[in-house]
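S.K.: quick one, what's the 3D model for this:
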Amino acid sequence: MDERLRFVARLLDGEAMSDVCREFGISRKTGYKIFTRYKDQGVEALCDRSRRPVRYANQLPPQIENQIVRLKQEKPHWGARKIRELLVRRLTGELRIPAKSTIHAVLHRHGLVTGIRRPRHRAHGTPLSPGIAPNDLWCVDFKGEFKLGNGAYCYPLTVTDHAARYLLLCEALDSVRENTAITAFQQLFLERGLPCAIRSDNGVPFASPNALFNLSKLSVWWLRLGIAIERIRPGRPQQNGRHERMHLTLKKEATRPPGMNSLQQQARFDAFVHEFNTERPHEALAMKTPGEMYSPSPRPYLGLPDLTYPLHDKDVLVTACGRICMHRKKINLSYVLAGQRVGIKEVDDGIWIVSFMQYDLGYIDLEQKTLQPLDNPFGARLLPMS
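M.R.: Next comes the predicted model:
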């Protein structure tokens with residue numbers, strides 16, 4: 001969505017359609033389609049349109065799901081394997097019988113199986129916290145890329161403290177790659193400590209469109225550090241409104257005209273950060289500066305803590321290709337979890353639950369060699385707009 005907003009903004013600034021389309025690498029037909037959609041429906045028309053399938057692998061026709069629930073209520077001590085066998089006997093030749101893991105996921109959804117008892121609450125989504133005190137909540141985004149004087153693109157990575165409006169970081173990067181973002185955050189954490197939560201949109205590198213639960217390696221790293229991840233709803237930039245408002249000021253005062261190269265541009269960003277934090281009074285802060293309101297976090301950055309799973313049968317290491325190996329069988333989890341340890345526990349005959357930290361990811365059926373994900377605790381999945 002950010003790129004489409006930038007495209008429309010350029011047109012609204014009076015630039016010619018042909019020039020803007022050429023710079024964005026699209027045809028004029030596509031450009032007029034996007035601009036017409038914006039004029040007819042507003043900003044929401046630029047939101048990513050879901051390509052979510054009509055049904056998922058572990059979602060069944062209502063009559064089959066109701067039959068599974070009734071059988072479990074009739075036989076409360078029976079597990080997914082035995083209930084599946086009953087379905088086979090009663091529905092043979094009529095319908096395709098779902099796998100054990102799918103049946104177990106249905107029972108879990110209806111609260112008919114006991115999960116792992118945890119000392120911590122399992123996440124149920126990404127509610128947005130108020131961020132009342134400094135370091136309760138940081139907001140992060142990539143301000144729209146722009147061309148430098150030498151023709152190279154600049155991708156400004158920005159981080160602000162939600163409560164103090166303090167601009168923690170404005171780094172002129174040459175891409176939105178995860179490794180460069182992680183390096184920037186490592187330095188920031190060393191200087192300022194760790195926040196309780198970080199809020200972002202659903203774009204790269206904060207989220208991955210094709211990964212499990214839309215996680216990315218960057219967001220997994222944040223979770224490992226004990227930082228909760230918050231994501232705004234697609235098409236709702238106002239949920240990160242304070243950060244977006246800062247971007248308007250940044251664009252006016254530090255990017256027009258742009259620096260000749262990344263070093264010159266970074267010098268302009270550094271000057272803007274100093275003025276924004278220490279000189280520029282803020283109306284929402286009773287005309288105080290963000291620097292008067294902010295103090296570093298008391299939580300130091302000490303690297304990644306060890307992962308342990310005392311409530312599970314064992315823990316396994318996710319391979320570089322995002323798999324785990326169980327009983328000589330390979331099950332795909334997600335490439336963003338490569339190198340991480342996950343906990344597994346057998347909850348029924350041949351059915352295992354797999355967890356990462358305090359988050360239950362889903363059920364593994366060893367016969368099918370598949371993971372049936374549970375409800376997404378990290379927000380909606382985004383795919384590119386058609």
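S.K.: could you use CA atoms for every contact and neighbour count after this?
M.R.: Fine.
S.K.: in the protein, which helix has the most residues?
M.R.: Taking DSSP state H as the criterion, the chain has its longest helix at helix 262-278.
S.K.: give me the contact list for the next helix or strand after that one.
M.R.: Going down the chain from helix 262-278, the next helix or strand is helix 290-293, by DSSP states H and E. Here helix 290-293 makes contact (Cα atoms under 8 Å, 6 or more residues apart in numbering) with 134, 164-167, 276-278, 281-282.
S.K.: go with 7 Å
M.R.: 164-166, 277-278 (Cα atoms under 7 Å, 6 or more residues apart in numbering).
S.K.: quick one: end-to-end distance for stretch 224-232.
M.R.: 21 Å (Cα to Cα, to the nearest Å).
S.K.: what do you get for stretch 91-101?
M.R.: 18 Å.
S.K.: equivalent analysis for stretch 222-242, please.
M.R.: Termini of stretch 222-242 sit 22 Å apart (Cα to Cα).
S.K.: kindly report the same for stretch 158-169.
M.R.: Start-to-end span of stretch 158-169 (Cα to Cα) is 5 Å.
S.K.: how about it: buried residues?
M.R.: 158-169 (16 or more other Cα atoms under 10 Å).
S.K.: again with stretch 255-274
M.R.: For stretch 255-274, by 16+ other Cα under 10 Å, it's 255, 258-259, 261-262, 265-266, 268-270, 272-273.
S.K.: kindly reformat the buried residues of stretch 158-169 as JSON lines containing distance to Ile353 and secondary structure.
M.R.: Below are the buried residues of stretch 158-169 laid out as JSON lines (distance: Cα to Cα, whole Å; DSSP: H, G, I helix; E, B strand; the rest coil):
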{"residue": "Thr158", "distance to Ile353": "38", "secondary structure": "strand"}
{"residue": "Val159", "distance to Ile353": "36", "secondary structure": "strand"}
{"residue": "Thr160", "distance to Ile353": "38", "secondary structure": "strand"}
{"residue": "Asp161", "distance to Ile353": "37", "secondary structure": "strand"}
{"residue": "His162", "distance to Ile353": "37", "secondary structure": "coil"}
{"residue": "Ala163", "distance to Ile353": "39", "secondary structure": "coil"}
{"residue": "Ala164", "distance to Ile353": "41", "secondary structure": "coil"}
{"residue": "Arg165", "distance to Ile353": "42", "secondary structure": "coil"}
{"residue": "Tyr166", "distance to Ile353": "42", "secondary structure": "coil"}
{"residue": "Leu167", "distance to Ile353": "42", "secondary structure": "strand"}
{"residue": "Leu168", "distance to Ile353": "39", "secondary structure": "strand"}
{"residue": "Leu169", "distance to Ile353": "39", "secondary structure": "strand"}
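S.K.: what is the nearest of those to Gln186?
M.R.: The closest of those to Gln186 turns out to be Leu169 (Cα to Cα; 11.7 Å).
S.K.: pLDDT at the closest one, what is it?
M.R.: Leu169 carries a pLDDT value of 96.
S.K.: cool, Arg118 as well?
M.R.: Arg118 carries a pLDDT value of 50.
S.K.: go on, Leu157?
M.R.: The per-residue pLDDT reported for Leu157 equals 96.
S.K.: surely it and Cys170 touch.
M.R.: Yes: contact status for Leu157 versus Cys170: in contact at 5.6 Å, counting by Cα atoms under 7 Å.
S.K.: now for these two: what residues contact both?
M.R.: Common contacts of Leu157 and Cys170 (Cα under 7 Å, 6+ apart): none found.
S.K.: coming back round to it: out of the buried residues of stretch 158-169, which comes closest to Pro205?
M.R.: Of the buried residues of stretch 158-169, the one sitting nearest to Pro205 (Cα to Cα) turns out to be Thr158, at 13.0 Å.
S.K.: show me the shaky parts of the stretch 1-150 of the chain.
M.R.: Within the stretch 1-150 of the chain, the segments meeting pLDDT under 70 span 1-2, 43-59, 92-95, 114-126.
S.K.: returning to what we had before: what would the buried residues of stretch 158-169 look like in CSV with distance to Phe35?
M.R.: Putting these into CSV (distance: Cα to Cα, whole Å) gives the following:
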residue, distance to Phe35
Thr158, 28
Val159, 30
Thr160, 31
Asp161, 34
His162, 33
Ala163, 36
Ala164, 37
Arg165, 33
Tyr166, 35
Leu167, 33
Leu168, 35
Leu169, 33
